[in-house]
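**Student:** Predicted coordinates and the sequence they were generated for:
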Amino acid sequence: MPATSAVLRSEWTKIRTVSSTVWTLTAALVVTVAMGAGLSALMNANFSDLPPEQRATFDPTFVSFSGTVLGQLAMVVFGVLVVATEYSTGMIRTSLAAVPRRGRFLFAKVAVAGALALLTGLATSFLTFFLGQALLGEHATSIGAENVLRAVIGGGIYMGLMAVFSMGVATMLRSPMLSLGILVPFFFLVSTILASVPKAKEVATYFPDQAGSKIMRVVPGALDSEAAPYGPWAGLGIMVLWVIAALAGGYLVLRERDA
Amino acid sequence: MIELDGLTKRFGAKTAVDHLSCQVRPGVVTGFLGPNGAGKSTTMRMILGLDHPTGGTVRIDGRHYRDLEEPLKYIGALLEARGLHGGRSAYHNLLCLAQANRIPESRVTAVLGLVGLSAVAKKKPKSFSMGMGQRLGIAAALLGDPRILMFDEPVNGLDPEGIHWIRNLMKALAADGRTVFVSSHLMSEMALTADHLIVIGQGKLLADTSMADFIQRNSRSYVRLRSPDRERLLDALAAGGLTPADAGGGVLEVDGVSTEEVGELAGRNGITLHELSAQRASLEEAFMRMTADAVEYQAHGDPAAPPPGRPRWGETSGFPAKGV
């Protein structure tokens, strides 16, 4: 069986030699930063129109992360394409012929793609924070303020975990269209809608995106949102459990099913 | 050497490969022959560890595929379905495979040259013709300089020049002492390349024999005759103790004689002949007879009948295989 370091090198070559890597990761960064900057500027301009309770609980950090709602979808696309194009192109048969140990293959792929997604997520997160704060003017916070650095680093980790979760799901479903068709509407619509419906939101708060995104909040309950029954790190922990479950499911499918 | 031992694969109620036991030896081209749907591709995927056998085992040089260290250095395969990423350049497609098995990067350039794709190394395979895609797949198979090579229907979609190239490549690889295992559903193709034959039908082993033996046992030799003096010829043949068969169109076929005997017989009787030729018949026919019971998607009617519009081998052109 091939050495893990060799397989990691191979996966790095795979990921850097397809154009989808560049455009999905660029989209994740640009969309998040642009939308965060836009909303920050808008908030700054209309701050005096906000109801008093919203002004009192104003969370400048979270406002600058507003673009994550859309930017995370590019991360989902990245995660899905990294795995599922192996199946749609037929490359999976050649890949597994070269690396017959399924666990090693999946580990190398997720490690390389996950690391790249995490780095992109962190870059996105710092960029969107500083640009957002600059546009928030007098309502801005600083990176040194309490819990702000945690939120900014957490925002980057959140983006990376989103991509890794998608890789796990795509390994289970083995089709780009099916994976995107489930994940994108789920994160863009279903999860967000359920999170605001009474009763349903008690469950929805444990969805990976809902739980994980709490790490980006510095002021719990800002903008009329309800405080979650868990803390920011516990929320990220819940998301990590989802990611582990998705990867474990993916590994089982990869091991048991014919390629 | 590839060893199959009781290899079985079931998909639900359907048995695709049924207790297949055989060995594929080095130094010769072994043809893996069977009608479409006979289980050839499934068998090859099980050899590569891609499909899990329901029963039985496959061993490559005595080991399970998944226990091979850097498997591309032991066995290279071209599978029927394209197995490379269309959006990644030909060079990088091969590079990521090479890196996974610690094959030097120089080898990527070398195999691209070997298959004649150096000029398009930087291009993406999705722009390639079928033939170029097939060559790239072969380059991937050769990447690790393996002692065992496996090709699934390699001539499919190739132009005559490409077919000629791949036949010579397979023979050269075998002459080099490598194990070459190649599948086809065309007997005629196998007759031109294979030294040994493994025939399957509905997943079962039907024959495991040398090509020469197969030809010897399955091909009928006969003499083909045409004469404007048909009635007198029939009488003369009957007098000589021969029973000709009418093949239609004024053609007679006589089994078990030499052209010399028939020619001299006609000469003694002063009969004009327009045609006198020795024929070796129809390995394709023998193959179809052998697999007739095992063909799943069979057209109604005579199971041994060739597809319409295609002449039977031997009846019009004689048999072109080596050793004839």
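**Tutor:** Sure thing, it's come through.
**Student:** residues contacting B:Leu114?
**Tutor:** B:139, B:142 (Cβ atoms under 8 Å, 6 or more residues apart in numbering or on different chains). Just so you know, the C-beta spots here come from the backbone N, C-alpha and C atoms, and that holds for glycine as well.
**Student:** Need the per-residue pLDDT for it.
**Tutor:** In this model, B:Leu114 is scored at 94, pLDDT.
**Student:** got the phi/psi numbers for it?
**Tutor:** Per-residue torsions, B:Leu114: phi -60, psi -40 (degrees, to the nearest 10).
**Student:** do the one 3 residues further on as well
**Tutor:** Dihedral pair for B:Leu117: phi -120, psi 10, per degrees, to the nearest 10.
**Student:** residues near it, how many?
**Tutor:** 21 (other Cβ atoms under 10 Å in any protein chain shown).
**Student:** Tell me if I'm right that it and B:Arg135 touch.
**Tutor:** Yes - if you go by Cβ atoms under 8 Å, B:Leu117 and B:Arg135 touch, sitting 5.7 Å apart.
**Student:** Mind listing the shared neighbours of the two?
**Tutor:** Common neighbours of B:Leu117 and B:Arg135 (Cβ under 8 Å, 6+ apart) do not exist.
**Student:** Any regions of the stretch 151-259 of chain A where pLDDT drops low?
**Tutor:** For the stretch 151-259 of chain A, applying pLDDT under 70 flags the ranges A:221-226.
**Student:** Could you list the contact residues of it toward chain B?
**Tutor:** Residues of the stretch 151-259 of chain A lying near chain B by Cβ under 8 Å from any Cβ of the partner chain: A:256, A:258-259.
**Student:** Return the distance of the residue lying closest to B:Ala77 once chain neighbours are set aside relative to A:Val18.
**Tutor:** Nearest non-adjacent residue to B:Ala77, counting by Cβ to Cβ, 6 or more residues apart in numbering or on different chains: B:Met150, 4.3 Å away. Using Cβ to Cβ, to the nearest Å, B:Met150 is found at 27 Å from A:Val18.
**Student:** gap between the helix of greatest length in chain A and the chain center?
**Tutor:** For chain A, the longest helix by residue count, based on DSSP state H, is helix A:102-136. Helix A:102-136 sits 8 Å away from the centroid of its parent chain (Cα atoms, centre = their mean, to the nearest Å).
**Student:** How about stretch A:90-101?
**Tutor:** 28 Å.
**Student:** Run through the residues of the stretch 1-150 of chain B sitting next to chain A.
**Tutor:** Taking Cβ under 8 Å from any Cβ as the contact definition, the stretch 1-150 of chain B meets chain A at B:45, B:48-52, B:65-72, B:77, B:79, B:81-89, B:92-93, B:95-97, B:99-102, B:140.
**Student:** Check which residues of the host helix or strand of A:Glu202 are buried.
**Tutor:** Taking DSSP states H and E as the criterion, A:Glu202 maps to helix A:200-204. With burial defined by 16 or more other Cβ atoms under 10 Å in any protein chain shown, the residues of helix A:200-204 counted as buried are A:Ala204.
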